[in-house]
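A.B. asks: sequence unavailable; structure follows:
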């Protein structure tokens, strides 16, 4: 049985009513982990504009994995068939379930021509692939040397799954070496960790 305050919820009128917000565009994020690597598709996010998309990309993808460079672009730029004569960045997914990988740059009049050139130059001997082409003007490039991509001020190694077991092991080893642990507990810890 619901209490009286739960059943008599006041209904908002006038200025308190909200209007439905338009759906935000989807942005694609590509990260480059080290200078010798290529840009790989890190994921997608929703944001109202380029500035907020960059902020979200830094917060989400920049903290998950350290990177030296990050590109952010609207998804509709990647699939557009029209465009102007300019440089296009090309991303190829070599198989189902694999991440899109930056393969190069071509000069083209539109997205279709850029994808055709990509097939000739980079995908000639491959059978299964998907291509995204994006005009250079549609990509926001965040350089880690001039713009901070992730927070360097704190140790966030615990957030990386690959380093988690090492961090835990070091903590247990430090605890085992301290004299605060009884002998019977140290044997249990030794067997477990």
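C.D. replies: Nice, thanks for sending it over. Since the model is a prediction, treat every value here as computed from it, not as a measurement. Numbering: from 1, shown residues only.
A.B. asks: show me where pLDDT drops low in this protein?
C.D. replies: Scanning the chain for pLDDT under 70 picks out 1-22, 64-65, 83, 128, 145-164, 179-193.
A.B. asks: hmm, 50 instead?
C.D. replies: Along the chain, the model assigns pLDDT under 50 to residues 1, 18, 153.
A.B. asks: show me the domain layout of it.
C.D. replies: As recorded under automatic domain parsing, the domains making up the chain are 23-152, 155-193.
A.B. asks: those domains into a markdown table, with extra columns for mean neighbour count?
C.D. replies: In this view, the C-beta of every residue, glycine as well, is placed from N, C-alpha and C. Below are the domains of the chain laid out as a markdown table (neighbours: other CB atoms under 10 Å):
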| stretch | mean neighbour count |
| --- | --- |
| domain 23-152 | 16 |
| domain 155-193 | 11 |
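A.B. asks: now do the helices in the chain.
C.D. replies: Ranges of helices in the chain, per DSSP state H, are 4-7, 50-64, 75-78, 111-122, 161-177, 183-192.
A.B. asks: same for the fourth one, what does it pack against?
C.D. replies: The reference is to helix 111-122. strand 86-93, strand 101-108, strand 130-135 (3 or more CB pairs under 8 Å, 6 or more residues apart in numbering; DSSP states H and E).
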